[in-house]
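In: Have a look at this fold, sequence not included:
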């Protein structure tokens, strides 16, 4: 009996919990009373038939306690007794909380009756699956057809959907007139503006969201300053992102680090903040990036972020591995990304960068060519990279062929300019003119007479005239002149081109030139000559002070030529004597120079080695004999020539009979003693 009473007690407790969780409280109370009466009257078999309700109570209790896996196991164990219309919402909710979003969607779609709470869950599942258009339609229907206390929460979720559309799908969100009464709504409005590129307005919205958040939390006395900063972390991180997009990287980095120091509980926020710091560091401050990259790999991050966010984080991990020379790790991360997104070009571009760092340019080009063949939709950026690699190797023509194969950019003015420049550099004028011709034909059929069409015709004509293709330039010039017959400059160019090709045509066109009277403008010649751009400026004569009128020049005013003054002659100059022919040479270099007489004595014995005299040593010097062979030239002298006896010009002396120059006496060695 005690056991039965305990069971009855737990049943009553479970039914009371169920009554709180469910709206049909009267039905649950009646069911509880019925089971109690059956037990008291001994109808245990009939009471067992209500076991399904007890299971429902157990499932709800497990959900309230966070036991989603246990609750789902109970549901899957009793699939026969627990039908989808009875427990379908609870099953879908457990699958959603266990991140089995695809299973939750199938469960919801299998429930026949779509209640409001089921629609709320359905909208959340669609948001997690990034099916934003369907999610938006569900929230619109809920807001339109429901009236309860959760209207503001639904509007907040609706604004989050609009922000996701603007950010990840690059679409202009629909203006639904949502209020900005809470900081969540204001924050989502700022995210919409960021997706549209309106960064200044987005920063203002974020500042307003921060004010609203502080104001709302200040009303609660139990909230500390740390709690306020933790709540503001996501707003501050978004502010830093806006600063980063604006180029204020130092301010953004400081704000990012403040968010990291708070250690918020949201692993998604930490991962995004750390990833943005890594993008600022790039190949600098690698040690800090290695620490931050660990935050991007925390448990549960994959369930908090969108697919594009996760993809960007993995790409940055691969880039960091490349910057830190971890080639194997980089290839491993890129292979994983290629398996998940085969058509995405970024993993391939990073792999190409890694190959270029390893000086394997040919392999890089082969990889790019293979990817562009397999994925032509996303091949435009790949082909631009191929062209760049060909240019670095000097293959200009191959680069031009690659650029011309990009249909998306083929007729863009920038592409036409690049192709013409490269062909001109290779002196391939015909190919450059062909680029102009194809572009003009394209715009002639698509946008005839437009500004870009006429500008291309003008540039083509100027290019042909520059490189002597006047016959080919006549058609372009005629087209331009027909567009504007008052353009005298174009007409003059056309006549000049025809003058060498068809003189009769040139004469006929000359009739359209305006007459000299109409072409003569009221031009001030003096002002034109004295203008800033004039090559010749006529100088005005300087005015003399006190002179009112210029005087007539007489014969006495003619300037006389100044006579050259005669040079001064020396005092003892004798005009009859012949001048010294060596007077222009320094005294020491003259043939009759004898040196200083002071201190000169006769040769003495004992001045040489062991009493040898200088005269005897000169006779015994074999290097001065005529029979000695020539020495080999020193490095730097003329190859294959002997030592030269040429005398410099200043040392050349006229031959004077009996004039010989004595050798200067050798100085005494310091500290040495001659003789014995």
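Out: Thanks, I have it. In this text the structure is predicted, and so the values were computed from the model without any measurement.
In: now the helix or strand in which residue 88 is found, how far from the centre of its chain.
Out: Element membership for residue 88 (DSSP states H and E) is helix 84-97. Offset of helix 84-97 from its chain centre (Cα atoms, centre = their mean, to the nearest Å): 48 Å.
In: Just the buried positions in the helix or strand following that helix, please.
Out: Downstream of helix 84-97, the next assigned helix or strand under DSSP H and E is helix 101-109. For helix 101-109, a neighbour-count test (16 or more other Cβ atoms under 10 Å) marks 101, 103, 104, 105, 107, 108 as buried. Heads up, the C-betas are built off the backbone N, CA and C, glycines and all.
In: which residue sits closest to the fifth one in space, ignoring its chain neighbours?
Out: Using Cβ to Cβ, 6 or more residues apart in numbering and skipping residues adjacent in sequence, the residue nearest residue 107 is residue 92, 4.1 Å away.
In: again, but for the second one
Out: Taking Cβ to Cβ, 6+ apart, and ignoring the residues beside it in sequence, residue 103 has residue 95 as its nearest neighbour in space, at 4.6 Å.
In: Count the neighbours of the one you found for me.
Out: Residue 95: 23 surrounding residues under other Cβ atoms under 10 Å.
In: How confident is the prediction for it, by pLDDT?
Out: On pLDDT, residue 95 comes in at 92.
In: Identify each of the strands in the stretch 301-450 of the chain and give its residue range.
Out: Counting by DSSP state E, counting those that start in this stretch, one finds no strands in the stretch 301-450 of the chain.
In: Helices of that one, start to end?
Out: Along the stretch 301-450 of the chain, the stretches classed as helices by DSSP state H, counting those that start in this stretch are 307-323, 327-340, 345-357, 361-374, 380-392, 396-404, 413-425, 429-446.
In: Give me the contact list for stretch 381-393.
Out: By Cβ atoms under 8 Å, 6 or more residues apart in numbering, the residues outside stretch 381-393 that reach it are 345, 348-349, 352, 356, 361, 364-365, 368-369, 371-372, 396, 398-400, 402-403, 405-406.
In: Any of those buried? List them.
Out: Here, 16+ other Cβ under 10 Å leaves 345, 348-349, 352, 356, 364-365, 368, 371-372, 396, 398-400, 402-403, 406 buried among these.
In: Flag every buried residue along stretch 459-478.
Out: In stretch 459-478, counting by 16+ other Cβ under 10 Å, buried: 459-461, 463-465, 469-470, 472-474, 476-478.
In: Mean pLDDT per helix and strand in the chain: which one sits at the bottom?
Out: Of all helical and strand segments in the chain, the minimum by mean pLDDT, DSSP states H and E falls on helix 2-21, at a mean of 36.
In: burial count for residue 434?
Out: As a burial measure, residue 434 scores 15 neighbours (other Cβ under 10 Å).
In: scratch that, residue 150
Out: Quick note: residue 150 (other Cβ under 10 Å) scores 14 neighbours.
In: I'd like the distance from it to residue 330, if you could.
Out: 48 Å (Cβ to Cβ, to the nearest Å).
In: Residue 90 against residue 67, yeah?
Out: No. Applying Cβ atoms under 8 Å, one finds residue 90 not in contact with residue 67, separated by 11.9 Å.
In: Looking at those two, which is more packed in?
Out: Under the criterion of other Cβ under 10 Å, the comparison of residue 90 against residue 67 puts residue 90 first, with 22 against 16.
In: Tell me which residues touch the more buried one, please.
Out: Contacts of residue 90 by Cβ under 8 Å, 6+ apart are 56, 59, 60, 63, 71, 75.
In: Among those residues, find the lowest-pLDDT one for me.
Out: Per-residue pLDDT puts residue 56 lowest of the contacts of residue 90, at 81.
In: Next, count neighbours for that one.
Out: 23.
In: quick one on the thing from earlier: and of the contacts of residue 90, the nearest to residue 284?
Out: residue 63 (49.4 Å; Cβ to Cβ).
In: Do I have it right that that closest one meets residue 94?
Out: Yes. Look at residue 63 against residue 94 with Cβ under 8 Å: they come within range, at 6.8 Å.
In: Tell me the residues that contact both of the two, please.
Out: residue 71.
In: Looking at these two, which one has more neighbours?
Out: Neighbours per residue, other Cβ under 10 Å: of residue 63 and residue 94, the larger number sits with residue 94, 27 against 18.
In: give the contact list for that one.
Out: Counted by Cβ under 8 Å, 6+ apart, residue 94 has contacts 63, 68, 69, 71, 72, 75.
In: Look at residue 493 and give its secondary structure.
Out: Classification of residue 493 using DSSP: H, G, I helix; E, B strand; the rest coil returns helix.
In: Just give the nearest non-adjacent residue to it, would you?
Out: residue 477 is the one closest to residue 493 (Cβ to Cβ, 6+ apart), at 5.5 Å.
In: Quickly find the element holding the one you found.
Out: Counting by DSSP H and E, residue 477 is part of helix 470-483.
In: Now do that helix: everything it contacts.
Out: By Cβ under 8 Å, 6+ apart, helix 470-483 touches 433, 440, 449, 454, 457-458, 460-461, 464-465, 487, 490-491, 493-494, 496-498, 500-501.
In: now do stretch 140-154
Out: Taking Cβ under 8 Å, 6+ apart as the rule, stretch 140-154 contacts 116, 119, 120, 123, 139, 155, 158, 181, 182.
In: Point out where the stretch 201-350 of the chain drops to low pLDDT.
Out: Within the stretch 201-350 of the chain, no range satisfies pLDDT under 70.
In: rewinding a little: and which of the buried residues of helix 101-109 is nearest residue 578?
Out: Among the buried residues of helix 101-109, residue 101 lies closest to residue 578 (Cβ to Cβ), at 120.9 Å.
In: what sits against that closest one?
Out: Residue 101 touches 95, 125, 128, 129, counting by Cβ under 8 Å, 6+ apart.
In: hmm, 6 Å instead?
Out: Shown in contact with residue 101 (Cβ atoms under 6 Å, 6 or more residues apart in numbering): 125, 128, 129.
In: which ones are touching the closest residue in space to residue 350 that isn't next to it in sequence?
Out: Excluding its sequence neighbours, the residue lying closest to residue 350 (Cβ to Cβ, 6+ apart) is residue 318, at 5.4 Å. By Cβ under 6 Å, 6+ apart, the residues touching residue 318 are 330, 333, 334, 350.
In: rewinding a little: out of the contacts of helix 470-483, which end up buried?
Out: Neighbour-count burial (16+ other Cβ under 10 Å) applied to the contacts of helix 470-483 gives 433, 440, 454, 457, 460-461, 464-465, 490-491, 493-494, 497-498.
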